[in-house]
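S.K.: what's the 3D shape of this:
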Amino acid sequence: MFLTGLLTTMEEPVAYDKMSDEKLLLRVAEGDKAAFQQLYQNTDKTIYGFILSILRNLQDSEEVMQELYLKVWTSAGSYQSQGKPLAWMFTIARNLCYMRFRDQKHEADIGLSDLSEMETGEFCPQIEDAADKMVLHAALKILNEEERQIVLLRTSAGLKHREIAADLEMPLATVLSKYNRAMKKLKKHLREEGVH
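M.R.: Numbers count the residues shown, from 1 in each chain. Predicted coordinates:
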């Protein structure tokens, strides 16, 4: 696959690890593969958590993530320098996710509201702890889209609340409030399900 080859056939980046994502993206626009590799390493966990929070399906999320980075590689030249490359990538990711929903709707002839209510089965087969699976299932099922994004960016991508606020362009107080509210919802749901 092109993306895998692009990421694995490069030398280790030397000075790139000190560059901002903004500068890296501008170098990617010039065809710099090492800058692309560093940008990927800087953003992959955050982007994956964001995509998973929307799609709520492991396989679809991985596929959309591949599509996103291919799009970043081919469209970096269209990025308008604003100091917010991650916001630009989130916009592309969101659009790809909604395109995936439209494709699924067309293939299965079901509505978007039906997609959000579907049981999606095993989201993350590599999570072996049953309690962790229940927490992930609950997060993907009972939280609204913003809450899912914040919780998954915090837990799976390991971002700090202020980083999430910057990436999602929300006030820090809003992110903290939504995160705390989401965690209370999850705890209540898990108590009701008998998981402690």
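S.K.: For the rest of this, base every contact and every neighbour count on C-alpha atoms.
M.R.: Noted.
S.K.: Show me where this structure has its helices.
M.R.: For the chain, applying DSSP state H gives helices covering 2-8, 21-28, 33-55, 58-75, 85-108, 112-117, 130-142, 145-155, 161-168, 172-193.
S.K.: rank those helices by pLDDT, which is bottom?
M.R.: Among those, helix 112-117 has the lowest mean pLDDT, at a mean of 42.
S.K.: quick revisit: in CSV: the helices of the chain, plus mean neighbour count and distance to residue 15.
M.R.: Listed next are those as CSV, based on neighbours: other Cα atoms under 10 Å; distance: least, Cα to Cα, whole Å:
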stretch, mean neighbour count, distance to residue 15
helix 2-8, 11, 17
helix 21-28, 21, 11
helix 33-55, 22, 9
helix 58-75, 18, 20
helix 85-108, 16, 19
helix 112-117, 12, 43
helix 130-142, 17, 37
helix 145-155, 22, 27
helix 161-168, 18, 23
helix 172-193, 15, 32
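S.K.: now the spatially most central residue of the chain: how far from residue 101?
M.R.: By Cα atoms, centre = their mean, the chain has its centre lying nearest to residue 50, at 2.2 Å. Separation of residue 50 from residue 101 (Cα to Cα, to the nearest Å): 15 Å.
S.K.: try residue 171
M.R.: When residue 171 is compared with residue 101 (using Cα to Cα), they lie 29 Å apart.
S.K.: Okay, domains of this protein per the record?
M.R.: Domain assignment for the chain by automatic domain parsing gives 1-111, 121-196.
S.K.: measure residue 185 to residue 192 for me?
M.R.: 11 Å.
S.K.: ok, now residue 58?
M.R.: 26 Å.
S.K.: same question, residue 27
M.R.: On the measure of Cα to Cα, residue 27 and residue 192 end up 51 Å apart.
S.K.: and if you look at residue 81?
M.R.: 48 Å.
S.K.: likewise residue 173?
M.R.: Counting by Cα to Cα, the gap from residue 173 to residue 192 is 29 Å.
S.K.: Check residue 93 too.
M.R.: Distance from residue 93 to residue 192, by Cα to Cα: 34 Å.
S.K.: same question, residue 84
M.R.: 41 Å.
S.K.: Same check on residue 95?
M.R.: For residue 95 relative to residue 192 (Cα to Cα), the value is 35 Å.
S.K.: now residue 186
M.R.: From residue 186 to residue 192 the distance is 10 Å (Cα to Cα).
S.K.: Equivalent analysis for residue 175, please.
M.R.: Distance from residue 175 to residue 192, by Cα to Cα: 26 Å.
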